[in-house]
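A.B. asks: Output the structure for:
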Amino acid sequence: MDETAAAACIDLYWIPLGAGGNGYVRLNGRLYETVKARFEGRRPLALYHTALVVEVPDGRFVIECAWPSPDDDVAGRGVVLEGPVWGRRLARIRPFRYEVRRWRDGIIPDLAHAVGGPQAVGRDPGQAERLLELVPAVPALVWGRDERGTGEMWNSNSVISWLLASAGAPVRGLHPPEGGRAPGWQAGVAVAAAGHQG
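C.D. replies: Numbers count the residues shown, from 1 in each chain. Sure, this is the predicted structure:
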């Protein structure tokens, strides 16, 4: 067996929104989904947040998009990009900024709550390295808005799906656990596709 190939992996995690005791996020997610479901004439579904763990010969990296930025220690969390929440002018204030992390040996606090454990997306070393290289190039679109006209707001799931799609991973075959949905996922796929076409 090729030891180099064995040392590379891209694992996707589906984490229930607000898992790990974040009551504020969980409550707001339920309110959002209740309104959205009523508007669309369907039953509310469980909402999921996504994150990646990427292993390459050089080490293990956590890839996650989080909001809000908790403090100024961005280097300590492997932050490579910050983006605006709700509006670009608001982003001058830390609570209105999200951060994209490429954190070597990092942690995802609510990873233990991921449904179904890790979902293997790829084992190709070149693809895994490419994904890591792409993290600083994530479009810093406004969280909670649909600036590119994809039909979905941009959020943490958009960042993860954009990275996977841009790295060449089979994103169209990836779905949240049964009975759930991941708002923003298709926005990332669409923006990545538009970028490749451009």
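
A.B. asks: so residue 172 touches residue 189, yeah?
C.D. replies: Yes - counting by CB atoms under 8 Å, residue 172 does reach residue 189; the two are 7.3 Å apart. (Each C-beta comes from the backbone N, C-alpha and C, glycine too.)

A.B. asks: which stretches of the protein form helices?
C.D. replies: Along the chain, counting by DSSP state H, helices occupy 3-6, 23-40, 125-134, 156-166, 185-197.

A.B. asks: need the least confident one among these, by mean pLDDT.
C.D. replies: Lowest mean pLDDT within these: helix 3-6, a mean of 50.

A.B. asks: The longest strand along the chain packs against which elements?
C.D. replies: Longest strand in the chain by number of residues (criterion: DSSP state E): strand 46-56. With contacts defined as 3 or more CB pairs under 8 Å, 6 or more residues apart in numbering; DSSP states H and E, strand 46-56 has these neighbours: strand 9-16, helix 23-40, strand 59-66, helix 125-134, helix 156-166, strand 180-181.

A.B. asks: Sheet-wise, list the partners of the last one with their directions.
C.D. replies: It refers to strand 180-181. Here strand 180-181 is paired, per DSSP bridges, with strand 46-56 (parallel).

A.B. asks: now swap in the first one and tell me
C.D. replies: Partner strands for strand 9-16, per DSSP bridges, with pairing direction: strand 46-56 (antiparallel), strand 119-122 (antiparallel).

A.B. asks: looking at those strands, which is buried most?
C.D. replies: Mean neighbours per residue, mean count of other CB atoms under 10 Å, is largest over these for strand 46-56, with a mean of 22.

A.B. asks: Can I get that one in PDB, CA atoms only?
C.D. replies: Only the C-alpha atoms of strand 46-56 are listed here, as PDB (Å, rounded to 0.1, in the frame of the first residue of the first chain):
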ATOM      1  CA  ALA A  46     -33.000  19.500  11.800                       C
ATOM      2  CA  LEU A  47     -30.300  22.000  10.800                       C
ATOM      3  CA  TYR A  48     -26.700  21.000  10.400                       C
ATOM      4  CA  HIS A  49     -23.400  22.900  10.500                       C
ATOM      5  CA  THR A  50     -20.500  21.300   8.600                       C
ATOM      6  CA  ALA A  51     -16.700  21.200   9.200                       C
ATOM      7  CA  LEU A  52     -13.800  19.300   7.700                       C
ATOM      8  CA  VAL A  53     -10.800  17.500   9.100                       C
ATOM      9  CA  VAL A  54      -8.000  17.200   6.500                       C
ATOM     10  CA  GLU A  55      -5.000  15.000   7.000                       C
ATOM     11  CA  VAL A  56      -1.900  15.300   4.800                       C
END
